[in-house]
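1. structure for this input, please:
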Amino acid sequence: MILLTGATGTVGRLVTRRLAGAVPLRLLTRDPGRAAGQAGPRVEVVGGDFADRPSLDRALTGVRSALLVTADPLTQAHDEHFVAAARAAGVRHVVKLSALAVTDPGARDLITTWQRGNEQLLLGSGLSWTLLRPRAFMTNTLGWARSVREEGVVRAQNGTAANATVDPRDIAEVAARALLNPDAHAGRAHALTGPEAVSAVRQTEILGEVLHRPLRFVELTEDEARRRLLVRLPAPVADALVESARRGRAGAKTRVDPTMEQLLGRPAGGYREWARDHVPVFRA
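-> Residues are numbered from 1 along each chain as shown. Alright, predicted model coming up:
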């Protein structure tokens, strides 16, 4: 049995698609209704919450490998509860979704500090582990879809700062392999990037090319970007993202790592390929 947390999220949904039918899966979610469409003959959906330790104990019963995806940088308790429950349940291997920023000594924002703490918690647990450390997801640009459709405009901060963004489909493939074959990935921290570092300005150009329409890039000031983030995020998290963007402006996110290609046996997916596959979302 493999347990997937974050099963309704970007990576979790993709891992579910890759593994469904191949092995027995258990999907842990706070809202089982949202994952109902993912259930199947060998896919079980269970309710649970990282803040509710007994629900984790139940979800981890009989589990061999687990994907750990937590999303609240304001607390370390979620990872603490999961790791403790995994140990108690005799889980063999945990694949943890982290972030590549943890390897940057200059990255001291709240989110990166939280991820470092999560990693250290798992590494000190006695459990077998694999760390997935991706750069920013290409899917983050889905946040531009409405303004692209309605105005032909992309608004973002640090438009010329390059980032080796990664296709979440590639992350999911690596995660699935690590869950299915823990011995081949145990004790490894995989740096996962796309095949090139691309700026938001260049991503806008690529989107325009695949959509066959001109798009305009509008640079946001730091204050404007923060105000937009505050609409949907707590202030400490918004501040952390603004601080992380400063590291991008300083060139800290440009390195292309060969690990993805080595693991998959093929080139990592690029932004143009991703954009082509998501044209309907951006098309007016």
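
2. a strand runs through residue 130, doesn't it?
-> Yes: assessed with DSSP: H, G, I helix; E, B strand; the rest coil, residue 130 lies in a strand.

3. what does residue 160 show for phi and psi?
-> phi -100, psi 0 (degrees, to the nearest 10).

4. go on, residue 155?
-> Reported as degrees, to the nearest 10, the phi and psi values for residue 155 are phi -120, psi 130.

5. ditto for the one 3 residues further on
-> The main-chain torsion angles of residue 158 are listed as degrees, to the nearest 10 and equal phi 50, psi 50.

6. and the one helix or strand residue 14 maps to, how far from the chain's centre?
-> Following DSSP states H and E, one finds residue 14 within helix 10-19. Its chain's C-alpha centre and that of helix 10-19 lie 11 Å apart, by Cα atoms, centre = their mean, to the nearest Å.

7. give the next helix or strand downstream of that helix.
-> Downstream of helix 10-19, the first helix or strand assigned by DSSP H and E is strand 25-29.

8. could you give the angle of that next one to helix 10-19?
-> 160 degrees (axes from the mean of the first three to the mean of the last three Cα atoms, to 10 degrees).

9. what lines up beside strand 25-29 in the sheet?
-> strand 2-4 (parallel), strand 43-47 (parallel) (DSSP bridges).

10. now what about that strand, what contacts it?
-> Outside strand 25-29, the residues that touch it by Cβ atoms under 8 Å, 6 or more residues apart in numbering are 1-5, 7-8, 12, 16, 19, 35, 38-39, 42-48, 56, 59, 63. C-betas here are computed from N, CA, C, even on glycine.

11. buried ones in the worst-scoring helix or strand of the chain on mean pLDDT?
-> Scoring the helices and strands of the chain by mean pLDDT, DSSP states H and E places strand 43-47 at the bottom, with a mean of 90. Buried residues in strand 43-47, counted by 16 or more other Cβ atoms under 10 Å: 43, 45, 46, 47.
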